[in-house]
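Enquirer: When you get a sec, could you give me coordinates for this:
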Amino acid sequence: MFLLPKGNPLFENLAVTKLKLPEVLSKLGSGGFTGYASFVFQASTVILVFEAGKLVSALHEEKSGTVRKGFEALSSLAELMVVSGSGAMNVYKLSKDLTLCIHALLEGETLYKAQELKLIDINALLKKVKEDQMNGCLRIYTDDHSAMIFYKDGNPLGFFHDGSSDIETSSSESQKIAGLPGAKIDLFSTRSVEEIMGIDLLEVTNIQKIWDTSVALHQSEIDRSNKERQERDKKQELLKLAELEEQVKAIVGEYVGKVGRGIVDKELSDNGGNACLIDEAGSVKFMNGVDRAAKLLISGTNIKAMMEKLTTAITTAKSEF
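Expert: Residues are numbered from 1 along each chain as shown. Below is the predicted model:
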């Protein structure tokens, strides 16, 4: 994942579930913010770069390696904020020069990605950067730390590491991270600032519409899921009622013979169908009807035993609904 060094923190670890994208962007834009905001989710990260309140870059990267920029990145961010049950937002203030370097970086081209530092001839790589007079960025990082070295025309422009708010001249932090176990590097070529400046994504993108669409789609998905669940529950209830009806018929038939099924069918019909078996008042009426019919056919002792079985079966079934 694309991990930028932490600048001067304005906010850290804000719960994304409590935020609304239009409000976040409005506050950063109207406040003339310069720096970047990162939104960290379980499987992806979104980075927004601001320069004097203008949203100049938006990048969404998934763990799978898929990258989206601009409008697509903002649409992905809105969707993630709406549907994710977790996520954190961090906002770091940077100098204008450093912000423009980050902007150029996000709009640039990846030359090397996640190369283990111990396997790289770093001196040969830096020599190539100088010989090619490259404008770019070398990122040195681990899972928890990151530092960047910016190059202009092949020469080091400065360093950016955790805690920086401006481009610095000291390389000590970069060297420290490079010495950590598992350190990796990325190398990016960057476009010139003149090529990429001028577009404010807040002006050319309807953030409120993007947000409203994501909210509506999520609600539609919730409604669809609820409807499917209700339909599944209804089918399951019908199956259980059919099983209970068959159980009741078997009990009555055990005591009164073949006519028992007919007795049950009549009482169910008189009381609105087999749903009456799990209804408090309906089951009482059903039981009374079966009791009256059985008295014409069998002895009182058998009626008592039959009614006790019916009561147990129906009571047990009610507890499962």
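
Enquirer: For the rest of this, base every contact and every neighbour count on C-alpha atoms.
Expert: OK.

Enquirer: Quickly find the element holding A250.
Expert: Following DSSP states H and E, one finds A250 within helix 207-256.

Enquirer: quick one: that helix to chain centroid distance?
Expert: A distance of 25 Å separates the centroid of the chain from that of helix 207-256, by Cα atoms, centre = their mean, to the nearest Å.

Enquirer: Report all helices and strands that that helix contacts.
Expert: Contacts defined by 3 or more Cα pairs under 8 Å, 6 or more residues apart in numbering; DSSP states H and E place helix 207-256 against helix 21-30, helix 70-83, helix 259-270, helix 300-320.

Enquirer: In CSV, list those helices along with mean neighbour count and mean pLDDT.
Expert: As requested, the helices and strands packed on helix 207-256 are exported to CSV (neighbours: other Cα atoms under 10 Å; pLDDT from 0 to 100):
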stretch, mean neighbour count, mean pLDDT
helix 21-30, 15, 95
helix 70-83, 20, 95
helix 259-270, 17, 94
helix 300-320, 14, 92
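
Enquirer: so which of these gets nearest H218?
Expert: Closest to H218 of the helices and strands packed on helix 207-256 is helix 70-83 (Cα to Cα; 6.7 Å).

Enquirer: Export only the CA atoms of that closest one, formatted as PDB.
Expert: Output of helix 70-83 as PDB, limited to C-alpha atoms (Å, rounded to 0.1, in the frame of the first residue of the first chain):
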ATOM      1  CA  GLY A  70      -9.200  11.600  -9.900                       C
ATOM      2  CA  PHE A  71     -12.900  11.200 -10.200                       C
ATOM      3  CA  GLU A  72     -12.700   7.400  -9.900                       C
ATOM      4  CA  ALA A  73     -10.700   7.700  -6.700                       C
ATOM      5  CA  LEU A  74     -13.200  10.100  -5.200                       C
ATOM      6  CA  SER A  75     -16.100   7.800  -6.200                       C
ATOM      7  CA  SER A  76     -14.300   4.800  -4.600                       C
ATOM      8  CA  LEU A  77     -13.700   6.900  -1.400                       C
ATOM      9  CA  ALA A  78     -17.300   7.800  -1.100                       C
ATOM     10  CA  GLU A  79     -18.300   4.200  -1.500                       C
ATOM     11  CA  LEU A  80     -15.800   3.000   1.100                       C
ATOM     12  CA  MET A  81     -16.900   5.600   3.600                       C
ATOM     13  CA  VAL A  82     -20.500   4.600   3.200                       C
ATOM     14  CA  VAL A  83     -20.200   0.800   3.200                       C
END
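
Enquirer: and the next element down the chain from it?
Expert: Following helix 70-83 in sequence order, the next helix or strand is strand 88-93 (DSSP H and E).

Enquirer: That following strand pairs with which strands?
Expert: When pairing is defined by DSSP bridges, strand 88-93 lines up against strand 8-15 (antiparallel), strand 35-40 (antiparallel).

Enquirer: Run the chain-centre distance for the first one.
Expert: I take that to be strand 8-15. Here the centre of strand 8-15 is set off from its chain's centre by 20 Å, with Cα atoms, centre = their mean.

Enquirer: Low-confidence regions, the stretch 1-150 of the chain specifically.
Expert: Scanning the stretch 1-150 of the chain for pLDDT under 70 picks out 1-2.

Enquirer: Pull the number of nearby residues for E245.
Expert: For E245, the neighbour count with other Cα atoms under 10 Å is 20.

Enquirer: so what's it up against?
Expert: E245 is in contact with N274, L277, counting by Cα atoms under 8 Å, 6 or more residues apart in numbering.

Enquirer: any idea how far it is from L106?
Expert: Distance, E245 to L106, using Cα to Cα, to the nearest Å: 67 Å.

Enquirer: which SS class is L3?
Expert: Assigned by DSSP: H, G, I helix; E, B strand; the rest coil, the conformation of L3 is coil.

Enquirer: Thought A147 was touching it, still the case?
Expert: No: judged on Cα atoms under 8 Å, L3 makes no contact with A147 at a distance of 9.2 Å.

Enquirer: Only C-alpha atoms, please: export the helix or strand where A124 lies in PDB.
Expert: Assigned by DSSP H and E, A124 falls within helix 122-131. Output of helix 122-131 as PDB, limited to C-alpha atoms (Å, rounded to 0.1, in the frame of the first residue of the first chain):
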ATOM      1  CA  ILE A 122      21.400   1.200  -4.700                       C
ATOM      2  CA  ASN A 123      24.500   3.000  -5.800                       C
ATOM      3  CA  ALA A 124      23.900   1.800  -9.400                       C
ATOM      4  CA  LEU A 125      20.300   2.900  -9.200                       C
ATOM      5  CA  LEU A 126      21.200   6.400  -7.900                       C
ATOM      6  CA  LYS A 127      23.800   6.700 -10.600                       C
ATOM      7  CA  LYS A 128      21.200   6.000 -13.200                       C
ATOM      8  CA  VAL A 129      18.900   8.600 -11.700                       C
ATOM      9  CA  LYS A 130      21.700  11.200 -12.000                       C
ATOM     10  CA  GLU A 131      22.700  10.100 -15.500                       C
END
